[in-house]
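1. Predicted model and sequence follow; I will ask about them next.
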Amino acid sequence: MFSIEVTDLKKSYGSLKAVDGITFTVKQGEVFGLLGPNGAGKTTTIEIMEGLRERDSGEVKILGLDPWKDGYEVHKKIGVIPQEFTFFEKTTPKEAINYYANLFNVKVDADAILKEVLLDEMEKHVFESLSGGQKQKTGLALSLVNSPEVLFLDEPTTGLDPNARRAIWEVIRKLKSKGKTIILTTHYLDEAQQLADRVAIMDHGHIVAIGTTEEIIQQHGSGERLEIQGTQQLAKYIKENTDLQVEYNQIREKIIIPLKNKIDMLAALAAAEQSKMPWGEIQTLQDSLEDVFIKLINEPLGEQQEKEIEQKSNKKGRR
Amino acid sequence: MVSFKRIYADFKVFSVGYLRNKYGLFFGLIFPVILILIFGAIFSGDTGTTDIYAQNKDEGIFNPEGITGIGINFGDQFLSALNESSTIRVVIVDASENFEDFLKAHSAEDGIVIPANFSKAYASGQQVNITVYGSPASSTSGIVSGTVSGYANYFNLQHYNGSVIIGVTLTPLNAQQTNYIDFLIPGLIGFSILTNPMFSLVNIAADYKKNKLFKQLSLTPLTKMEWLTSKVLFYIVLSAAGFLLMVSVGVFAFGAHIMLSSLEQILALIPFLILGPTLFASLGMLVGSVAKNPETAGVIGNIVTFPMMFLAGTFFPLSMMPKYLQTVAHVLPLFYVTEGLNNVMVYGNITNACIDIAVLGVITAVIFLLAVKLFKWRED
């Protein structure tokens, strides 16, 4: 049973293709991470799924409903924290929860929700006086008022200090254990690794990799490699005296040798020993998600593009 | 379906937030009162002479017996004599005007009319009466009737050794004396009905759009119509509170004459206190929606608001302004609020107030619907 089905979704702002034909599904109870640099199209995708933006083409089903046409129905069943969540400045978290409960026409125990998001000690403070983490928690609390089946969290920990991030993670894990389907966008790779069952890496409106983090590393990573601390001469010596492929990182002063077989390691070390040149620490390493991410995203910082998307999308939305 | 539960929930959250904001409360309720105190103090000084309207219907006489000269008009003589007094300045009204209507239209409560047969009767020694209009409650009426009587006696003495030829008929006018403060109270009520919802909604519309709060709200069952309705209700309540506060200050601090004695007047007042805030909350929303960012919204808001603030009869009565500016005022929506409030509270003219209500009702409906249509929760 899929909670979310997205098929060949496209969305452009003028000539800019923010989302360019992406397809994925999210199972019920799954935590799905949308990763990508700024401007990759994460927020556009998530806002289309939430029914906040109209798509150009493709199919989107949230719990079997079209989020744009059936927005009213969809919104009763989903919870959302938009990027940089804000609320009425002079309203306390508790008042905000009761307000949402009245809007959704549901009865809730505001104290219990505040406890659930670890905000119970702040119930009397108005929103503007809360810290960044507490504000995000207020957003989380509000997204829970209507007991949603699906939660959309758009960069829930961006700009928070490490402790606040970990507190939010804890809340998200609790929600996951309750069987909620959660869509999470983030550009923190550790966050995705910590929380998500599966991730999709987006770049320039495309999904460039999708699966569990292990699957992605296996598919797109370079496998195991040997790193030896040493000089460029040593690297050269090893290269000339073995069949191995040898790279040298001057900054880190590391000789890097991809390992096709475990036995290659012996050949490399034998050559090093034979050279009579000094060598230091040896390590075998595997690509992390971060390595894969950097490999997949050719232009790592799309700040300019993100700005462009934001400007164009705002212009569009104003009509 | 419009849900009153949701409107009430939004109303409550907004009101509590507003009350926690000291600036909001200051500009909402205290600031207009301060304006009343300032302007009331500036214009409370006495002017010394009293202007009175006078209509001379006297047809005059030709070659009367015993008096030489051709074509004498004793009415004119009487009025110019009056004008030389230090207490009265005569303002001549054309004989073709309906005098009582004229007084009402100019919100004047004192006036004198010299009858058509004045010269004839005076010359032939028959008794004739000058009509003096005045309100018993007015402080100037005593001055006027006293001065006119005095000059009548003088004329009587001059030719008839004191036998009463010219008499004075006092006609009480159902008009109160109107002072500047009487105009200022409805004017400043109009001012706060304009500025409070207008500035606030311009701000909110632009701010919520920038902070994505509208997006946030669009994810709840609250509709934008319900949201705007709740804001409108809030500003109706705030305007009503402001109204009571300003009227109290006007009456108790400056002795303003506010005519709210009959049920009819109170009923006529209510539509202005409802339509006004509705109109300007919607207009503010409209401005905030069409503007690109909060800064532009502020500028457009000021361009729309400032002419109304000064030209729609808020700080001074419209009759003080030149004709062309009075014409301009008629296209400003606030004009119908201040004029209507004046009609009810100062002149007690319910019929005219009903016209204002009708015009205001149409403008309000159009702006409200336009605002609901043009402002967007979601983006495409």
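-> Right, received. Where do you want to start? Numbers count the residues shown, from 1 in each chain, chains lettered A, B, ... in the order given.
2. Let's see the pLDDT reported for A:G211.
-> Looking at A:G211, its pLDDT reads 93.
3. ugh, wrong one, B:D101
-> So B:D101 comes in at 81 (pLDDT).
4. try A:D120
-> A:D120 is given a pLDDT of 84.
5. Now do the contacts for it.
-> A:111, A:114 (Cβ atoms under 8 Å, 6 or more residues apart in numbering or on different chains). Glycine gets a C-beta too; all of them are placed from N, C-alpha and C.
6. isn't A:W169 right up against A:A192?
-> No: applying Cβ atoms under 8 Å as the test, A:W169 and A:A192 come out as separate, 11.1 Å apart.
7. These two - which one has more neighbours?
-> Here A:W169 and A:A192 are compared on neighbour count by other Cβ atoms under 10 Å in any protein chain shown; more neighbours surround A:A192, at 25 against 16.
8. what's the helix or strand for that one?
-> Here A:A192, judged by DSSP states H and E, is contained in helix A:189-195.
9. Just the buried positions in that helix, please.
-> Judged by neighbour count using 16 or more other Cβ atoms under 10 Å in any protein chain shown, the buried positions of helix A:189-195 are A:189, A:191-195.
10. what's the burial count for residue 199?
-> No chain in the question, so chain A it is. A:V199 has 27 nearby residues by other Cβ under 10 Å.
11. That was the other one, I meant chain B.
-> Residues lying near B:F199 (other Cβ under 10 Å) number 17.
12. Let me know how buried residue 75 is, in neighbour terms.
-> No chain in the question, so chain A it is. The burial count assigned to A:H75 is 22, neighbours taken as other Cβ under 10 Å.
13. Not quite, go with chain B.
-> As a burial measure, B:G75 scores 24 neighbours (other Cβ under 10 Å).
14. now do B:F315
-> Neighbours around B:F315, by other Cβ under 10 Å: 18.
15. ok, the residue lying closest to it once chain neighbours are set aside to B:I181 distance?
-> Take B:F315 and drop its neighbours on the chain: the residue closest to it by Cβ to Cβ, 6 or more residues apart in numbering or on different chains is B:G187, 6.1 Å away. Going from B:G187 to B:I181 by Cβ to Cβ, to the nearest Å gives 10 Å.
16. Wait, A:T44 touches A:A18, no?
-> Yes: between A:T44 and A:A18 there is a contact at 4.4 Å, judged by Cβ under 8 Å.
17. Which stretches in the stretch 101-250 of chain A count as strands?
-> Using DSSP state E, counting those that start in this stretch, the strands of the stretch 101-250 of chain A run over residues A:150-154, A:181-186, A:198-203, A:206-211, A:224-229, A:247-249.
18. looking at the ones you listed, which is closest to chain B?
-> strand A:150-154 (9.2 Å; Cβ to the nearest Cβ).
19. export the closest one as PDB, just CAs?
-> Output of strand A:150-154 as PDB, limited to C-alpha atoms (Å, rounded to 0.1, in the frame of the first residue of the first chain):
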ATOM      1  CA  VAL A 150       1.200  11.500   6.300                       C
ATOM      2  CA  LEU A 151       3.600  14.200   7.600                       C
ATOM      3  CA  PHE A 152       5.600  16.500   5.400                       C
ATOM      4  CA  LEU A 153       8.600  18.100   7.000                       C
ATOM      5  CA  ASP A 154      10.400  20.600   4.800                       C
END
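20. quick check, that strand touching chain B?
-> No: Strand A:150-154 stays clear of chain B (Cβ under 8 Å from any Cβ of the partner chain), getting no nearer than 9.2 Å.
21. give me the low-pLDDT residue ranges for the chain?
-> Using chain A. A:298-319 (pLDDT under 70).
22. wrong one, chain B
-> If you take pLDDT under 70 as the line, chain B has these spans: B:44-50, B:63-70, B:86, B:107, B:135-141, B:161-164, B:170-178, B:379-380.
23. Could you list the contact residues of it toward chain A?
-> So chain B meets chain A at B:3, B:5-6, B:8-10, B:12-14, B:16-18, B:20-21, B:211-213, B:215-216, B:218-222, B:292, B:376, B:378-380 (Cβ under 8 Å from any Cβ).
24. Would you map out the domains in the chain?
-> No chain specified, so I'll use chain A. Recorded structural domains for chain A (assignment: automatic domain parsing) are A:2-211, A:224-285.
25. You answered for a different chain; I wanted chain B.
-> Chain B breaks down by automatic domain parsing into domains covering B:4-44+B:179-374, B:50-172.
26. on that earlier part again, out of A:T44 and A:A18, which sits in the busier spot?
-> Taking other Cβ under 10 Å, A:T44 and A:A18 do not tie; A:A18 has more neighbours (27 against 23).
27. so when I look at the more buried one, I'm seeing a helix, right?
-> No: looking at A:A18 with DSSP: H, G, I helix; E, B strand; the rest coil, it is strand, so not inside a helix.
28. how many other residues sit next to A:A196?
-> A:A196, neighbours per other Cβ under 10 Å, totals 23.
29. Likewise for A:E155?
-> Per other Cβ under 10 Å, the neighbour tally for A:E155 reads 23.
30. tell me the contacts of the nearest residue to it once chain neighbours are set aside?
-> Closest residue to A:E155 apart from its sequence neighbours, by Cβ to Cβ, 6+ apart: A:Q83 at 5.0 Å. A:Q83 makes contact with A:43, A:154-155, A:158, B:212 under the criterion Cβ under 8 Å, 6+ apart.
31. ok, back up a step: on contacts alone, who are the packing partners of the helix holding A:A192?
-> strand A:31-35, helix A:162-177, strand A:181-186, helix A:289-296 (3 or more Cβ pairs under 8 Å, 6 or more residues apart in numbering or on different chains; DSSP states H and E).
32. Out of the ones you listed, indicate the one that is most buried.
-> strand A:31-35 (a mean of 26; mean count of other Cβ atoms under 10 Å in any protein chain shown).
33. List the neighbouring strands of it plus their orientation.
-> Partners of strand A:31-35 in the sheet, by DSSP bridges, are strand A:181-186 (parallel), strand A:198-203 (parallel).
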